[in-house]
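Trainee: Generate coordinates for the sequence data below:
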Amino acid sequence: MIKFFLYLLVIPLVIFAVDSININNIFKKNKFYQAKLLYIILVFSLSYLMVNFLYDFIYITN
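Mentor: Numbers count the residues shown, from 1 in each chain. Predicted coordinates:
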């Protein structure tokens, strides 16, 4: 249950952080959907890593 609340906390923070990266310059012209897909994959991947880190940190310190 705590992981659910951690996801609710972390996902907006990761979206805020990843939003500062201009990933459209990495892709070829007119590859908008591939850039958005990479953005979504990055958000979920970083969120997963952050939540697991925070959960382990909370578990170890208790």
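Trainee: Show me the residue at the heart of the protein, geometrically.
Mentor: When the chain is reduced to its mean C-alpha position, the closest residue under Cα atoms, centre = their mean turns out to be Val43, at 2.6 Å.
Trainee: What does the pLDDT read for that residue?
Mentor: pLDDT, Val43: 96.
Trainee: Quickly note the distance from it to Leu6.
Mentor: Separation of Val43 from Leu6 (Cβ to Cβ, to the nearest Å) stands at 15 Å. The way it works is simple: take the backbone N, C-alpha and C, and place the C-beta from them, glycine included.
Trainee: re the thing from before, where's the residue nearest to the centre of the chain, which helix or strand?
Mentor: Secondary-structure assignment from DSSP states H and E places Val43 in helix 32-61.
Trainee: just to revisit the earlier point, was I right to think the residue nearest to the centre of the chain contacts Phe16?
Mentor: No. Taking Cβ atoms under 8 Å as the definition, Val43 is not a contact partner of Phe16, at 10.2 Å.
Trainee: show me the contacts for the residue nearest to the centre of the chain.
Mentor: 11, 14-15, 18 (Cβ atoms under 8 Å, 6 or more residues apart in numbering).
Trainee: Inside helices: which ones of the residues you listed?
Mentor: Residues from the contacts of Val43 lying in helices, with DSSP state H as the criterion: 11, 14-15, 18.
Trainee: In TSV, list these along with neighbour count and pLDDT.
Mentor: What follows is those, written out as TSV (neighbours: other Cβ atoms under 10 Å; pLDDT from 0 to 100):
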residue	neighbour count	pLDDT
Ile11	17	97
Val14	20	97
Ile15	15	96
Val18	16	92
